[in-house]
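K.L.:
Predicted coordinates and the sequence they were generated for:
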Amino acid sequence: MSDLAAALDVVGSRWALLIVERLLDGPQRYGDLQRDLGVPMSMLATRLRELEVAGVLTRLPLRHNTRAYALTERGLALREAIGALGRWGADETQHEP
């Protein structure tokens, strides 16, 4: 398996990079992620579990049975790639016919 294929196994699923992008701003509560991204709750729960198992994020203990998530060093290392993809996407929208 190539290095790119291995990376896509972790962050190539729908919503994964959008979750990571939101967490680049700092820890977020589950409900805030769901509301801000508009991701279905079951999908968000699945992606958060996958990203946690992959070591991209970690759960933070909060009061009142609330969950929050923060990026690990591995997750923070995606900042440059996410920025590059965002710039690439912005460039593509400027080239639409």
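P.N.:
Arrived safely.
K.L.:
Burial check on Asp25, number of neighbours?
P.N.:
8 (other CB atoms under 10 Å). Yep, even glycine has a C-beta here, placed from its N, CA and C like the rest.
K.L.:
quick one: it from Arg79, how far?
P.N.:
Counting by CB to CB, to the nearest Å, the gap from Asp25 to Arg79 is 11 Å.
K.L.:
Next: Ala16.
P.N.:
15 Å.
K.L.:
Looking at these two, which is more packed in?
P.N.:
Ala16 (20 against 13).
K.L.:
quick one: contacts for that one?
P.N.:
10, 47, 50-51 (CB atoms under 8 Å, 6 or more residues apart in numbering).
K.L.:
So, low pLDDT: which residues of the protein?
P.N.:
93-97 (pLDDT under 70).
K.L.:
Going along the chain, name the strands of it.
P.N.:
28-29, 57-61, 67-71 (DSSP state E).
K.L.:
What is the neighbour count of Ala54?
P.N.:
15.
K.L.:
in this structure, which helix has the most residues?
P.N.:
helix 79-94 (DSSP state H).
K.L.:
what's the closest non-adjacent residue to Asp36?
P.N.:
Of all residues not flanking Asp36 in the chain, Arg22 sits nearest, at 6.3 Å (CB to CB, 6 or more residues apart in numbering).
K.L.:
How about Arg47?
P.N.:
Trp15 (5.0 Å).
K.L.:
Surely that neighbour and Met43 touch.
P.N.:
Yes. At 6.0 Å, Trp15 counts as touching Met43 under the criterion of CB atoms under 8 Å.
K.L.:
hang on, the earlier thing: I'd like the strands of the chain laid out as JSON lines, including mean neighbour count and distance to Glu92.
P.N.:
Output for these, formatted as JSON lines (neighbours: other CB atoms under 10 Å; distance: least, CB to CB, whole Å):
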{"stretch": "strand 28-29", "mean neighbour count": "18", "distance to Glu92": "27"}
{"stretch": "strand 57-61", "mean neighbour count": "15", "distance to Glu92": "28"}
{"stretch": "strand 67-71", "mean neighbour count": "18", "distance to Glu92": "26"}
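K.L.:
Output the ones you listed in CSV; the columns should cover distance to Leu37.
P.N.:
Output for these, formatted as CSV (distance: least, CB to CB, whole Å):
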stretch, distance to Leu37
strand 28-29, 10
strand 57-61, 14
strand 67-71, 12
